[in-house]
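fold the following for me, if possible:
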Amino acid sequence: LVEHIEQLTDYSGHLKWFQPNTPLSIDNYPRHKLFFDATKDYREPLFLAGNRVGKSMAGGICAASWTTGVYHDWWQGRRFTKNVKGWVCADRNNTFKESVQEILLGKPGSLGTGMLAVSKGNSPGIVDFTSKPNTGGMVDSIIIKSEVSKQHSVITTRTYEQGAKAFYGAKLDFAWMDEECEQLIYNETLMRTMTTGGLVIMTFTPLHGTTPLVTEFKRTAVNLIDGTN
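Prediction:
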C-alpha cells in the first residue's frame with residue numbers, strides 16, 4: 001500500500017486514486033464511497049471521522065472532479081454540466097498550505113502532481129493560479145480548464161482565521177471546508193450556495209468535542225452508515 005501511494009506522486013490527477021483493481025480500489029473504502037455518493041442528494045455532506053483516514057483526500061477528489069468535469073467510472077455523486085465556482089477552506093494559512101494546497105496542487109515545486117493536473121493543450125486541469133500576499137505561498141485562486149464546458153472553473157481559498165466577513169457575498173456552486181469552523185462561518189458559507197442549488201462539503205475530526213456545529217449535525221443529519229437520523 002505504501003509503495004502504491006508513493007508511485008502515485010509520479011503522476012497527476014485525481015483519477016489515479018480509488019481505481020478498481022488497485023490497492024486503493026474504491027471497493028475497499030465503502031465509507032468514502034458513501035460520502036461521494038451523498039453529494040448527489042444532499043446539500044451538506046459531512047465526512048466526520050478520525051485522523052489519517054483520507055477525509056481530506058476525499059474532499060480533494062470532489063473539488064477536482066467538479067472543477068475539471070472529469071469523473072471516475074464508479075462516481076455516483078454530484079455532477080456539474082458547466083464550469084463551476086467553488087471555495088476551498090481551512091482553519092489557518094499554514095495548515096492550508098501543508099494539507100489542502102498540497103492535496104490539490106502537489107508539493108512545492110511540483111505543480112500538477114496533486115488532485116489537479118496541469119492543463120496541456122485542451123486537456124482539463126490547472127491553467128493558472130495566484131498567491132495571497134504575505135502568506136509564504138498560500139494560493140489565493142486557481143483557474144482550471146473544464147472538460148465539460150471547455151471553459152474555466154475557479155477555486156478561491158478562504159481561512160477561518162479571516163473571520164466571518166471573509167465569507168460574505170459570493171455566489172458558489174460548491175464549497176469544501178476542511179477542518180471544523182465556527183457555526184457562523186458555516187452558515188455564511190452555506191448561504192453562498194442557496195441561489196445556485198450548490199452544496200457545502202465538510203471533512204473534519206471533531207477535536208473540539210460537542211461543539212454547536214457537531215451538535216446540529218447530530219440532531220438533524222441522516223447517518224448514512226446506518227440510515228438513521
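
hey, let's count contacts and neighbours off CA atoms from now on
Noted.

need the contact list for the residue nearest the centre of the chain.
Centroid-nearest residue in the chain: residue 59, 3.2 Å away (criterion: CA atoms, centre = their mean). By CA atoms under 8 Å, 6 or more residues apart in numbering, the contact list for residue 59 reads 176, 178, 201-203.

need the pLDDT of residue 206.
As predicted, residue 206 sits at a pLDDT of 91.

for it, phi and psi?
The phi/psi pair for residue 206 (degrees, to the nearest 10) reads phi -80, psi 70.

helices of the chain, start to end?
Assigned by DSSP state H, the chain shows helices spanning 2-8, 30-41, 55-68, 93-95, 102-105, 183-191, 212-220.

I'd like those helices written out as CSV, with distance to residue 20 and mean pLDDT added.
Below are the helices of the chain laid out as CSV (distance: least, CA to CA, whole Å; pLDDT from 0 to 100):
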stretch, distance to residue 20, mean pLDDT
helix 2-8, 13, 55
helix 30-41, 12, 96
helix 55-68, 15, 96
helix 93-95, 31, 92
helix 102-105, 21, 95
helix 183-191, 34, 97
helix 212-220, 32, 92
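
so who does residue 179 touch?
90-91, 202-205.

let's have the residues you listed in CSV, adding neighbour count.
Below are the contacts of residue 179 laid out as CSV (neighbours: other CA atoms under 10 Å):
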residue, neighbour count
90, 24
91, 18
202, 21
203, 23
204, 18
205, 16
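
quick one: which of the residues you listed is nearest residue 30?
Comparing the contacts of residue 179 against residue 30 with CA to CA places residue 203 closest, at 16.0 Å.
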